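> task: produce atomic coordinates for the following.
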Amino acid sequence: MFQKVNNLRYKFYQRVLRKKLAELRRTDRPREAINFDRARTIGILFDASSSANCVFMNEYRETLLERGKQVSILGYFDDKQEHSNVIFKYFNKKDLSWYWHPKSQIVSEFANQSFDILISLHLHPSPPLEYVSAISNAHIRVGRAREDNKEAYDFMVDVANDYDLKGFSEQIEYYLKIINRPE
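Numbers count the residues shown, from 1 in each chain. I've put the predicted structure just below:
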């Protein structure tokens, strides 16, 4: 029974997302493959439900800042609690519609930013994070390759199931450094 309800929710998720994307296509965001080394602004989406992910994200953010990047992070907590001990913006289950679409001001502001690169740094399917990526105004949206989330990303990286966020972020950087490499 629970699976049937989730399947129904996912059908609503996809239907409403397609409708939203059709509206956004009218304004059409700029799409261009930007080399990672040339990118100045980077947005990162990640699943903040794991404390290990939060620790990694703080370290990764510092690394990118040291390289001269402007970094904005949006985390998703798979709960309804307040999280006051984090240094990044976040949303959680209480900010979602019945069909997993985020409806908070924080998400809208993040999605409307014109990042050079948006990285969806989560390894498991997450409809709320994939929705934010799909509606993002970023020049290029990067995430993990899966058949059911093609509308969320312009560039997908296929990694093995045993990867962690560090390995996944290294793979993303590797491929984005190859794109439009300066001569």
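
> residue contacts, residue 53?
Residue 53 makes contact with 46-47, 165, according to Cβ atoms under 8 Å, 6 or more residues apart in numbering. (Glycine included, C-beta is placed from N, CA and C.)

> what are the ranges of the helices in this protein?
Along the chain, counting by DSSP state H, helices occupy 2-27, 51-66, 105-112, 127-135, 165-178.

> so how many other residues sit close to residue 93?
Per other Cβ atoms under 10 Å, the neighbour tally for residue 93 reads 13.

> with mean pLDDT and distance to residue 37 added, can I get the helices of the chain in TSV?
Listed next are the helices of the chain as TSV, based on pLDDT from 0 to 100; distance: least, Cβ to Cβ, whole Å:
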stretch	mean pLDDT	distance to residue 37
helix 2-27	71	29
helix 51-66	96	12
helix 105-112	96	24
helix 127-135	94	22
helix 165-178	94	6
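
> so which of those is nearest residue 84?
When the helices of the chain are compared by Cβ to Cβ, helix 51-66 sits nearest residue 84, at 13.1 Å.

> so how far is the closest one off the chain centroid?
15 Å (Cα atoms, centre = their mean, to the nearest Å).

> residues of it that come out buried?
Neighbour counts using 16 or more other Cβ atoms under 10 Å place 53-54, 56-57, 60-61, 64 of helix 51-66 among the buried residues.

> try stretch 81-100
Neighbour-count burial for stretch 81-100, counted by 16+ other Cβ under 10 Å, picks out 88, 90-92, 95-96, 99-100.

> start and end of that stretch, how far apart?
One end of stretch 81-100 to the other measures 17 Å (Cα to Cα, to the nearest Å).

> show residues contacting it.
With contact meaning Cβ under 8 Å, 6+ apart, stretch 81-100 is reached by 9-10, 12-13, 16, 48, 54, 57-58, 61, 72-80, 102-104, 106-107, 110, 127-128, 131.

> rerun that using 6 Å as the cut-off
9, 12-13, 48, 73-77, 79-80, 102-104, 106-107, 127-128 (Cβ atoms under 6 Å, 6 or more residues apart in numbering).
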